[in-house]
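Peer 1: Here's my sequence, what's the structure:
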Amino acid sequence: MSASKKTAGFLTLPQEILMEILSKLPTKTLVRFRLVSKFFCALIADHAFGVVHRSFSLTLPSRAGFLISIELRTPPLTPLRRSYYTLNFSPGMVQANRVGFLDADPFLLSSSSDGLICVSKPKGDVVVCNVSTGQRISLPRMQYKDCAPHLGYDSQSKRYKVLMATQMIDQESNSYEYKLWIFTVGVDRSWREINNCGSYTFQPMDGYPSFYDSNTCVYIDGIIYSYNSANKYSLSLFHRFHIETFEVGCESFSVITLPNEVSSQIYLDIKNPALLEVGGRLAMVLVHVQYSQPGGGECYMDVWTWEKFEKKCWEKITITIPLEWRRIIYNAKCLRFASNHDGEIVLLCVYIGQLFIFVCNLKSEIWRKFDVSGVEDFPIFSYWEVALNNIVDHVFPLE
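Peer 2: Numbers count the residues shown, from 1 in each chain. A predicted model of the protein is given here:
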């Protein structure tokens with residue numbers, strides 16, 4: 001039977017059956033499938049199919065993974081190097097696979113729940129990229145330094161939006177001013193400035209953690225959540241922390257107050273406080289290390305989850321970090337977080353020039369350690385800045 005007859009027979013199946021069959025295929029195969037006919041191209045590009053395919057991908061470890069970006073800080077006057085890798089888990093080992101087409105884009109800042117990433121360059125260039133298909137779109141350049149883009153999806157318009165906070169310094173008063181901008185991918189020709197009418201000013205975390213730390217912001221089900229420490233009346237670094245929320249569809253802001261316990265300790269013994277999605281809910285992950293005890297004293301992890309519907313309150317789980325791995329986490333130069341398809345917490349550590357990954361099951365409180373292979377060997381004097389993001393195999397088009 002000829003290929004054309006096989007295709008014709010395939011097309012006689014009900015569309016629901018076709019969608020179910022195609023949803024089980026990886027994105028790279030679907031990209032090739034779009035070239036078969038106009039029918040397949042339209043079906044695979046349909047938003048409803050994208051939802052089915054993404055939902056199925058979230059259930060498969062092989063299609064719901066992680067992307068890391070490594071920035072190599074080398075000696076003065078030498079070019080800055082950055083590399084990107086996807087991670088594949090196997091028993092006792094994590095294999096890192098180079099994503100070469102991303103190497104030209106400096107900073108990995110944000111990832112939507114659909115698996116897209118948003119990267120930017122120091123001079124204001126912003127790129128939205130689908131890691132699965134390689135599709136990328138460059139947005140208009142912002143003429144501001146220290147731009148912080150965050151990516152989200154508007155389910156009403158079925159469009160992706162990028163929220164940008166730009167920082168300007170008033171030299172006379174030595175104070176900061178933040179402006180907010182929105183760009184709707186596939187619709188806007190330029191950035192739109194928007195106002196935050198609340199009492200707080202949405203801004204990136206520019207003090208602690210790192211300004212380019214991907215764990216200070218997370219997108220969940222139409223909302224961008226971000227750590228914030230300043231309001232319109234006080235820009236003090238030690239102002240009470242809170243979480244600012246931005247609803248992508250209606251472009252509105254609100255505030256979530258942190259527990260007193262967290263707000264009072266966040267500058268003391270907490271290492272890289274992170275915002276994550278765990279089981280579909282907003283979660284704060286706080287690793288406590290007792291620096292007063294050299295060599296790795298008490299070390300544990302608090303996971304706070306936000307119940308936003310009925311209770312509207314924080315719930316806490318405290319988990320002890322195994323003694324044999326405390327030294328690595330205690331002395332890690334870089335500590336990043338993510339969550340996997342099972343709702344487990346994933347910690348990535350940079351320790352003595354090596355990458356280590358720890359996975360914690362919140363229900364059983366069992367920890368697993370993985371060594372990472374496949375990452376380039378960098379000189380021992382180098383310092384790594386690492387970002388860790390969730391990615392999902394999917395075919396959602398950017399436009």
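
Peer 1: who does the closest residue to L282 other than its chain neighbours bridge with?
Peer 2: Nearest residue to L282, sequence neighbours excluded (C-beta to C-beta, 6 or more residues apart in numbering): W306, at 4.2 Å. From N, CA and C alone the C-beta is placed, and that goes for glycine too. Beta bridges link W306 to W314, judged by DSSP bridges.

Peer 1: So W306 sits against G280, correct?
Peer 2: No: the criterion here is C-beta atoms under 8 Å, and W306 misses it with G280 at 11.1 Å.

Peer 1: of the two, who's got more company?
Peer 2: The residue with more neighbours, out of W306 and G280, is W306; 21 against 10, by other C-beta atoms under 10 Å.

Peer 1: quick one: that one from I317, how far?
Peer 2: Between W306 and I317 the computed distance is 13 Å (C-beta to C-beta, to the nearest Å).

Peer 1: if I've got this straight, R326 is in a strand?
Peer 2: No: if the criterion is DSSP: H, G, I helix; E, B strand; the rest coil, then R326 is helix and not within a strand.

Peer 1: correct me, but it touches C299?
Peer 2: Yes: counting by C-beta under 8 Å, R326 does reach C299; the two are 4.3 Å apart.

Peer 1: Compare the two (neighbour count), which wins?
Peer 2: Applying other C-beta under 10 Å to R326 and C299 shows that C299 carries more neighbours, namely 22 against 19.

Peer 1: what are the phi and psi angles of that one?
Peer 2: Note on C299: backbone dihedrals following degrees, to the nearest 10 are phi -140, psi 120.

Peer 1: same question, P273
Peer 2: phi -60, psi 130.

Peer 1: so it makes contact with A283?
Peer 2: No: between P273 and A283 there is no contact under C-beta under 8 Å: 11.2 Å.

Peer 1: The helix or strand where V386 lies - what's its average pLDDT?
Peer 2: In this assignment (DSSP states H and E), V386 forms part of strand 383-392. Averaging pLDDT along strand 383-392 gives 78.

Peer 1: So what are the sheet partners of that strand and their directions?
Peer 2: Counting by DSSP bridges, strand 383-392 is paired with strand 64-73 (antiparallel).

Peer 1: gap between F39 and L258?
Peer 2: Per C-beta to C-beta, F39 is found 51 Å from L258.

Peer 1: So between those two, which is more surrounded?
Peer 2: A count of neighbours by other C-beta under 10 Å puts L258 above the other of F39 and L258, at 19 against 13.

Peer 1: any idea of the pLDDT on that one?
Peer 2: pLDDT, L258: 85.

Peer 1: wait, isn't it in contact with Y227?
Peer 2: No: the criterion here is C-beta under 8 Å, and L258 misses it with Y227 at 9.0 Å.

Peer 1: shared neighbours of those two, which are they?
Peer 2: Common neighbours of L258 and Y227, using C-beta atoms under 8 Å, 6 or more residues apart in numbering, are F241, I243.

Peer 1: Please report the distance of T305 from N361.
Peer 2: Here T305 is placed at a distance of 15 Å from N361 (C-beta to C-beta).

Peer 1: what ranges do the helices span in the stretch 151-300 of the chain?
Peer 2: For the stretch 151-300 of the chain, applying DSSP state H, counting those that start in this stretch gives helices covering 260-265.

Peer 1: Now for L163, how many residues are close by?
Peer 2: Each residue near L163 was counted by other C-beta under 10 Å, and the total is 24.

Peer 1: For it, give its distance to W191.
Peer 2: 10 Å.

Peer 1: can you list residues touching both of these two?
Peer 2: Contacts common to L163 and W191, judged by C-beta under 8 Å, 6+ apart, are W181, I182.

Peer 1: Wasn't Q95 part of a helix?
Peer 2: No: secondary structure of Q95 (three-state DSSP): strand, not part of a helix.

Peer 1: mind checking pLDDT for the residue lying closest to it once chain neighbours are set aside?
Peer 2: In space, and not counting its chain neighbours, Q95 is closest to N88: 4.7 Å by C-beta to C-beta, 6+ apart. You'll see N88 listed with a pLDDT of 81.

Peer 1: which element is N88 on?
Peer 2: Remark: N88 resides in strand 81-90, with elements defined by DSSP H and E.

Peer 1: Give me the contacts around that strand.
Peer 2: The contact list for strand 81-90, computed with C-beta under 8 Å, 6+ apart, reads 61-62, 65-72, 74, 94-100, 102-103, 105-108, 131, 357, 370, 372, 374-376, 391.

Peer 1: Off-centre distance for that strand?
Peer 2: Relative to the mean C-alpha coordinate of its chain, strand 81-90 is positioned 14 Å out (C-alpha atoms, centre = their mean, to the nearest Å).

Peer 1: Appreciated, that's everything.
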